[in-house]
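*Asks:* Sequence plus the predicted model coming up.
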Amino acid sequence: MNIELAQNIELPGGFAANPVMIKGQGAPVVYLHGPFGQEWDEFLDDLSSYRRVYAPAHAGAEETEDLEQLDGIPDLLLYYDDLFDRLGLERVDLVGHSFGGMVAAEYAATFRDRVGKLVLIDAMGLWRDDAPVRDHLLVAPDKLVKLLFHDPSKPEVSAKLAMPKERDAMNAAIVHRFGALASTSHFIHPIPERGLKRRLRRIKAETLILWGSQDTLVPPAYAADFAALIPDASVEMVQNAGHLPQIEQRKAVSEQLEKFLGGKSATRH
């Protein structure tokens, strides 16, 4: 991981400390990861070249016992509000991928004045019977790869999927992934629909919706649904990309983010 700092942020309520990864200078932006766990990759290196990036783990990922105190989305949002307070972030831009996109949208709809700009990348949170979100928890590993990526043969994808060869590191990676899946599935299994569509109208933040055109986990039709429900939203489809366009088409996604977030000239919050 090419990060400058990993801070264990203590939280009220008896929760485990959150191991927030931090890098960069400039206006703050928080990145909320998808269902497979906290990590720092080249996409976040791109973002941290012109912004100060905070990348927390999702609630319950480090200690699954924390989930006993988080009954639903309202509790989860209070958790993140406390975390932002502890980080000294009064107003931030939010970038969320997949499950993290759902959380980012919920937060922006609830704490309307704390979010400057919002970026949703292949976000979960809505449901259509004619285009259901596929199950990523119980599917076989080979089928999961096809759900996540348009072209699994790309070197970027192979690097993403590679497991550590050293046994202890491999075991740690497996535990890390299990904890992440447990923490996120607590809020979205079996169907990732918790009434978000009724709350998206409240979002005041200017919103960019990025979507992999070949996403088979959360179909591209949801991009238009999010845009129709958020008052100030625009959509950019990312060609030749599945559910993780920031991996398969990193350059295109990073360029869209820099254009939207204002790059090095962004005004500090």
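*Replies:* Alright, I've got the coordinates.
*Asks:* Just after the strand or helix carrying residue 207, pick out the following helix or strand.
*Replies:* Taking DSSP states H and E as the definition, residue 207 sits inside strand 206-212. Next along the chain after strand 206-212, taking DSSP H and E as the criterion, comes helix 221-229.
*Asks:* Buried residues in the helix or strand that that following helix is followed by, which are they?
*Replies:* For helix 221-229, the following helix or strand on the C-terminal side (DSSP H and E) is strand 233-238. Neighbour-count burial for strand 233-238 flags 233, 235, 236, 237, 238 (criterion: 16 or more other C-beta atoms under 10 Å). For glycine as for every other residue, the C-beta is placed from the backbone atoms N, C-alpha and C.
*Asks:* Just put those in CSV and tack on distance to residue 23 and pLDDT.
*Replies:* Formatted as CSV, these follow (distance: C-beta to C-beta, whole Å; pLDDT from 0 to 100):
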residue, distance to residue 23, pLDDT
233, 28, 98
235, 28, 98
236, 25, 98
237, 29, 98
238, 24, 98
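*Asks:* Please list all residues in contact with the closest residue to residue 102 other than its chain neighbours.
*Replies:* Distances taken as C-beta to C-beta, 6 or more residues apart in numbering place residue 125 nearest to residue 102, at 3.5 Å, with adjacent residues excluded. Contacts of residue 125 were listed using C-beta atoms under 8 Å, 6 or more residues apart in numbering, and they are 101, 102, 105, 106, 192, 193, 194, 196.
*Asks:* If residue 125 is in a bridge, with which residues?
*Replies:* residue 193 (DSSP bridges).
*Asks:* ok, now how distant is it from residue 195?
*Replies:* Taking C-beta to C-beta, to the nearest Å as the measure, residue 125 falls 9 Å from residue 195.
*Asks:* can you check residue 158 too?
*Replies:* Per C-beta to C-beta, residue 158 is found 39 Å from residue 195.
*Asks:* in terms of contact, does residue 190 touch residue 135 like I think?
*Replies:* Yes - judged on C-beta atoms under 8 Å, residue 190 makes contact with residue 135 at a distance of 7.5 Å.
*Asks:* who has more neighbours, these two?
*Replies:* residue 135 (14 against 9; other C-beta atoms under 10 Å).
*Asks:* so who does the more buried one touch?
*Replies:* With C-beta under 8 Å, 6+ apart, residue 135 has these contacts: residue 190.
*Asks:* Read off the pLDDT value for it.
*Replies:* Looking at residue 135, its pLDDT reads 87.
*Asks:* next one: phi and psi at it?
*Replies:* phi -80, psi 130 (degrees, to the nearest 10).
*Asks:* Reformat the buried residues of strand 233-238 as a markdown table; add distance to residue 201.
*Replies:* Compiled in a markdown table, the buried residues of strand 233-238 are given as follows (distance: C-beta to C-beta, whole Å):
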| residue | distance to residue 201 |
| --- | --- |
| 233 | 11 |
| 235 | 17 |
| 236 | 22 |
| 237 | 23 |
| 238 | 26 |
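*Asks:* What is the nearest of the residues you listed to residue 259?
*Replies:* residue 236 (9.5 Å; C-beta to C-beta).
*Asks:* That closest one and residue 255 touch, don't they?
*Replies:* No - using C-beta under 8 Å, residue 236 is not in contact with residue 255; the gap is 10.0 Å.
*Asks:* Residue 56 and residue 39 touch, don't they?
*Replies:* No - between residue 56 and residue 39 there is no contact under C-beta under 8 Å: 11.8 Å.
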